[in-house]
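Trainee: Return a 3D structure for these sequence lines:
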Amino acid sequence: MKKLQQSIIIFDLDGTLTDSAEGVIRSAQHMQEKMGIPKWADEDLKFIVGPPLIKTFTEDFNMNKEDAHRALEFFRERYATVGLFENKVYAGIPEMLVELRKKGKRLAVATSKKEETAVRILKHYQIDGYFEVIGGDHREIGRDTKAKVIDYVLQTMKAKKEDAIMVGDRKFDVEGAHLVGIPCIAVEYGYGDKAEFDASGADYIGAVPKTVADMF
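Mentor: Residues are numbered from 1 along each chain as shown. Model prediction:
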């Protein structure tokens with residue numbers, strides 16, 4: 001494969017840089033208990049990792065807007081204190097980041113997670129220093145979709161779209177990148193699978209972090 005030429009690489013967080021499933025699932029179960037609804041098994045909640053939570057609560061939990069916002073508060077009640085550190089950096093991620101920086105790439109993060117929480121996680125695992133910008137959900141100012149977060153990161157970096165590419169593990173990353181007008185590498189080690197990537201039109205697929213580094 002011909003080497004990719006983009007100079008700016010924007011990474012998703014959950015399922016791309018870190019394996020956050022345990023904390024997200026436990027916090028979702030906490031939300032269910034607080035909302036007085038049956039608690040789902042771990043296996044049945046795996047789908048919740050990655051997508052915007054409000055979208056998940058309204059569409060997959062069939063909540064109205066008011067209940068979805070209450071659910072988000074209950075979720076964050078646990079996640080912000082305990083759940084965010086029930087997490088681990090995927091094997092090979094630090095080495096991938098080092099390699100990409102050696103190749104002169106500018107790196108950033110665009111996540112549907114609350115921005116201040118994303119910063120705390122990346123600092124805790126000591127990989128925040130690799131990224132020029134860490135962008136996340138900031139719905140108080142209307143930044144509440146993956147596409148809006150990606151666009152914010154591009155604007156902050158004063159980046160041209162032809163110089164940028166997204167790396168993520170779910171269809172939401174692919175779709176968000178395409179809405180903004182940039183391509184996306186989908187990674188197989190996260191929470192998505194090849195069928196999802198094919199259906200959403202992922203531009204490239206990487207098996208492991210080293211595969212991503214080697215694409216450039």
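
Trainee: quick one: pLDDT of the residue of the chain positioned farthest from its centre?
Mentor: In the chain, the residue that sits farthest from the middle, by CA atoms, centre = their mean, is G36; the gap is 28.4 Å. Note on G36: pLDDT of 95.

Trainee: Please apply the same query to L17.
Mentor: On pLDDT, L17 comes in at 98.

Trainee: And E140, by the same measure?
Mentor: On pLDDT, E140 comes in at 86.

Trainee: Please report phi then psi for it.
Mentor: Phi and psi for E140, reported as degrees, to the nearest 10, are phi -60, psi -30.

Trainee: which element is K158 on?
Mentor: Assigned by DSSP states H and E, K158 belongs to no helix or strand.

Trainee: how close does it get to V49?
Mentor: Applying CB to CB, to the nearest Å, the value for K158 to V49 is 32 Å. (C-beta placed from N, C-alpha, C; glycine too.)

Trainee: who has more neighbours, these two?
Mentor: More neighbours surround V49 than the other of K158 and V49, with 21 against 6 (other CB atoms under 10 Å).

Trainee: Now do the same contact list for that one.
Mentor: Contacts for V49 (CB atoms under 8 Å, 6 or more residues apart in numbering) come out as 14-15, 20-21, 24-25, 191.

Trainee: hang on, L84 in a helix?
Mentor: Yes: applying DSSP: H, G, I helix; E, B strand; the rest coil, one finds L84 inside a helix.

Trainee: So it sits against V119, correct?
Mentor: No: counting by CB atoms under 8 Å, no contact exists between L84 and V119, whose distance comes to 10.5 Å.

Trainee: which of the two has more neighbours?
Mentor: Using other CB under 10 Å as the criterion, L84 and V119 rank with L84 on top: 22 against 17.

Trainee: Could I get the contacting residues of the more buried one?
Mentor: Neighbouring residues of L84 by CB under 8 Å, 6+ apart: 20, 23, 117, 120-121, 124.

Trainee: Separate out the buried members of those residues.
Mentor: When the contacts of L84 are checked for burial by 16 or more other CB atoms under 10 Å, the buried set is 20, 23, 117, 120-121.

Trainee: Can you give the contact residues for the helix or strand of the chain with the lowest mean pLDDT?
Mentor: Across the helices and strands of the chain, mean confidence by mean pLDDT, DSSP states H and E is lowest for helix 53-59: a mean of 91. With contacts defined as CB under 8 Å, 6+ apart, helix 53-59 is touched by 47-48, 63-65, 67-69, 71-72, 75, 112, 139, 144.

Trainee: Who wins on neighbours among those residues?
Mentor: That'd be S112 among the contacts of helix 53-59, by other CB under 10 Å, with 26 neighbours.

Trainee: quick one: that residue and P52 touch, right?
Mentor: Yes: the pair S112 / P52 is scored as a contact, 4.5 Å apart, by CB under 8 Å.

Trainee: hey, what's in contact with both of these two?
Mentor: Common neighbours of S112 and P52 (CB under 8 Å, 6+ apart) are 137, 145-146, 172.

Trainee: Mind checking which of these are in helices?
Mentor: 146, 172 (DSSP state H).

Trainee: Same list (the shared contacts of S112 and P52) but as CSV, adding distance to L107.
Mentor: Listed next are these as CSV, based on distance: CB to CB, whole Å:
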residue, distance to L107
D137, 20
T145, 22
K146, 18
F172, 20
